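Trainee: Sharing a sequence plus its predicted fold:
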Amino acid sequence: MCILCRKRFAQKDLIRLQCKNGELINFSGSGRSFYLCKDCIKDKKLSKKVSYFCKISKEKAEKQIELLLKEFT
């Protein structure tokens, strides 16, 4: 399930991310993670939601999301 739109998708259609030591990273294989659908990647509310999940500032979340988006596009 996407954390932003709360819709259900097949796992292969979602992007799995993880917060580790205050950094947003691709899922490393262990620990807690969350999923995003490809439609919600460019949503303006994403940085707020990620900052809540990772317990980081909204500005830091925006920067980390920008870096990860370069990998997926």
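Mentor: Nice, I can see it.
Trainee: Against S51, how distant is the spatially most central residue of the chain?
Mentor: The residue lying closest to the centre of the chain (CA atoms, centre = their mean) is L17, at 5.1 Å. Relative to S51, L17 is positioned 13 Å away (CB to CB, to the nearest Å). Glycine gets a C-beta too; all of them are placed from N, C-alpha and C.
Trainee: try K60
Mentor: Going from K60 to S51 by CB to CB gives 7 Å.
Trainee: Show me which of the two is the more surrounded one.
Mentor: Just comparing K60 and S51: by other CB atoms under 10 Å the higher neighbour count belongs to S51, 20 against 16.
Trainee: is it true that the more buried one touches Q64?
Mentor: No: at 9.6 Å, S51 does not count as touching Q64 under the criterion of CB atoms under 8 Å.
Trainee: Go ahead and report the secondary structure state at E66.
Mentor: Secondary structure, DSSP: H, G, I helix; E, B strand; the rest coil: E66 is helix.
Trainee: how close does it get to L17?
Mentor: In this view, E66 and L17 are 14 Å apart by CB to CB.
Trainee: L69 too?
Mentor: 11 Å.
Trainee: In contact with S28, which residues?
Mentor: 18, 20 (CB atoms under 8 Å, 6 or more residues apart in numbering).
Trainee: confidence score at it?
Mentor: Looking at S28, its pLDDT reads 91.
Trainee: again, but for the one 10 residues further on
Mentor: If you check K38, the pLDDT there is 88.
Trainee: Correct me if wrong: it contacts I15.
Mentor: Yes: between K38 and I15 there is a contact under CB under 8 Å: 6.9 Å.
Trainee: Those two: which has the busier surroundings?
Mentor: Neighbour count, other CB under 10 Å: between K38 and I15, I15 has more, with 18 against 12.
Trainee: Beta-bridge partners for the more buried one, please?
Mentor: L36 (DSSP bridges).
Trainee: My guess is it contacts C40. True?
Mentor: No: if you go by CB under 8 Å, I15 and C40 don't touch, sitting 9.2 Å apart.
Trainee: Which stretches in this protein count as strands?
Mentor: Here the chain has its strands, by DSSP state E, at 14-20, 23-26, 34-37.
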